[in-house]
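Visitor: Sequence first, predicted coordinates after that:
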Amino acid sequence: MEETLASRVAAVAALDEPTRRLLYEHVVRQPAPVSRDEVAAALRVPRATVAFHLDRLVEQTLLDVTYQRRTGRSGPGAGRPAKLYSRSRHHVAVSLPERRYDLSGHLLAAAVEEADRTAQPVRAILGRRAHELGLELGRTRAAEDDEPTAEGVLGALEAHGFEPRTDGDRILLGNCPFHALAQEHTQLVCGMNLSLLTGLLHGLGHTGLTAHLDPAPGRCCVLLEPDRGSD
């Protein structure tokens, strides 16, 4: 399940506590996982304090835990495995306004690789892959709701950083998650964005909305309006 902005902010905020940040920085610089005792000895911090902060960092997905017997023995009498901490394989990033350059980077890289294999145009592949991803995201959201609703559409858009706001029967998108890329490569990125949001609407079900390009200052280039063709 994709993280919310709130959970990512909470993870970063956990490092605001000086001792916790010190412990985190020490652990991630080590070449191998370390125990509570090793961290306490290296930093001269009480073991109970070390245990509390390390486990808090694990709760916030900033550190990973493994268990290992340091004695080299196994079986009865070998003792309990030590709890070891290391940098999390989980990536945490926060930006305000929210940006999703990881998502755009994944789509662009996948499109280039497929174009190299197939000799098909990169733009066409990018549009198809963006639509497929949007379709997947929409279906995932639809599985959580009994039927498509306005709140469901707004929630799906909010979850992916678009900051939707209603304007009559239209939905304006107050934020572009790919802003910097769109400024430099407008046609490419806005086309990708349109395909993504079209796929998202299709995945959500019968929303009665359609996406089209309508760039304007201060908002995303894509606008959602009622599908007049369905009237």
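Guide: Received it, and whenever you're ready, just let me know what you need. Numbers count the residues shown, from 1 in each chain.
Visitor: Now do the longest helix seen in the chain: distance to the chain's middle.
Guide: Determined from DSSP state H, the single longest helix within the chain is helix 122-142. Remark: helix 122-142 is offset 16 Å from the chain centroid, using CA atoms, centre = their mean, to the nearest Å.
Visitor: For this structure, name the helix or strand with the lowest mean pLDDT.
Guide: Every helix and strand of the chain was ranked by mean pLDDT, DSSP states H and E. The lowest is helix 5-13, at a mean of 82.
Visitor: buried stuff in that one?
Guide: The neighbour-count check on helix 5-13 (16 or more other CB atoms under 10 Å) flags Arg8, Ala10, Ala11 as buried. Every C-beta, even on glycine, is put in place using the N, C-alpha and C of the backbone.
Visitor: Just give me the closest of those to Gln120.
Guide: Arg8 (35.6 Å; CB to CB).
Visitor: buried residues in stretch 80-93?
Guide: Ala82, Lys83, Leu84, Tyr85, Ser86, Ser88, Val92.
Visitor: And for stretch 178-186?
Guide: Across stretch 178-186, burial judged by 16+ other CB under 10 Å covers Phe178, His179, Leu181, Ala182.
Visitor: could those residues be laid out in CSV, adding secondary structure, pLDDT and distance to Thr61?
Guide: As requested, the buried residues of stretch 178-186 are exported to CSV (DSSP: H, G, I helix; E, B strand; the rest coil; pLDDT from 0 to 100; distance: CB to CB, whole Å):
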residue, secondary structure, pLDDT, distance to Thr61
Phe178, coil, 94, 25
His179, helix, 93, 26
Leu181, helix, 94, 27
Ala182, helix, 93, 30
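Visitor: about what we covered before: dump the buried residues of stretch 80-93 into TSV; add secondary structure, pLDDT and distance to Glu144 as well.
Guide: What follows is the buried residues of stretch 80-93, written out as TSV (three-state DSSP; pLDDT from 0 to 100; distance: CB to CB, whole Å):
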residue	secondary structure	pLDDT	distance to Glu144
Ala82	strand	87	40
Lys83	strand	93	35
Leu84	strand	96	36
Tyr85	strand	96	34
Ser86	strand	95	33
Ser88	coil	92	26
Val92	coil	78	24
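Visitor: Make a markdown table from these and add distance to Arg21 to it.
Guide: Below are the buried residues of stretch 80-93 laid out as a markdown table (distance: CB to CB, whole Å):
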| residue | distance to Arg21 |
| --- | --- |
| Ala82 | 24 |
| Lys83 | 21 |
| Leu84 | 20 |
| Tyr85 | 14 |
| Ser86 | 17 |
| Ser88 | 15 |
| Val92 | 14 |
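Visitor: before we move on, the earlier item: name the helices or strands packed onto the least confident helix or strand of the chain?
Guide: Packing contacts for helix 5-13, counted by 3 or more CB pairs under 8 Å, 6 or more residues apart in numbering; DSSP states H and E, involve no helix or strand.
Visitor: Mind exporting the C-alpha coordinates of it to PDB?
Guide: Taking Å, rounded to 0.1, in the frame of the first residue of the first chain, the C-alpha atoms of helix 5-13 are listed here in PDB:
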ATOM      1  CA  LEU A   5       2.100  12.200   3.000                       C
ATOM      2  CA  ALA A   6       1.300  12.200   6.700                       C
ATOM      3  CA  SER A   7       3.200   9.000   7.300                       C
ATOM      4  CA  ARG A   8       6.200  10.200   5.400                       C
ATOM      5  CA  VAL A   9       6.200  13.500   7.300                       C
ATOM      6  CA  ALA A  10       6.000  11.500  10.500                       C
ATOM      7  CA  ALA A  11       9.000   9.500   9.500                       C
ATOM      8  CA  VAL A  12      11.100  12.500   8.800                       C
ATOM      9  CA  ALA A  13       9.900  14.300  11.900                       C
END
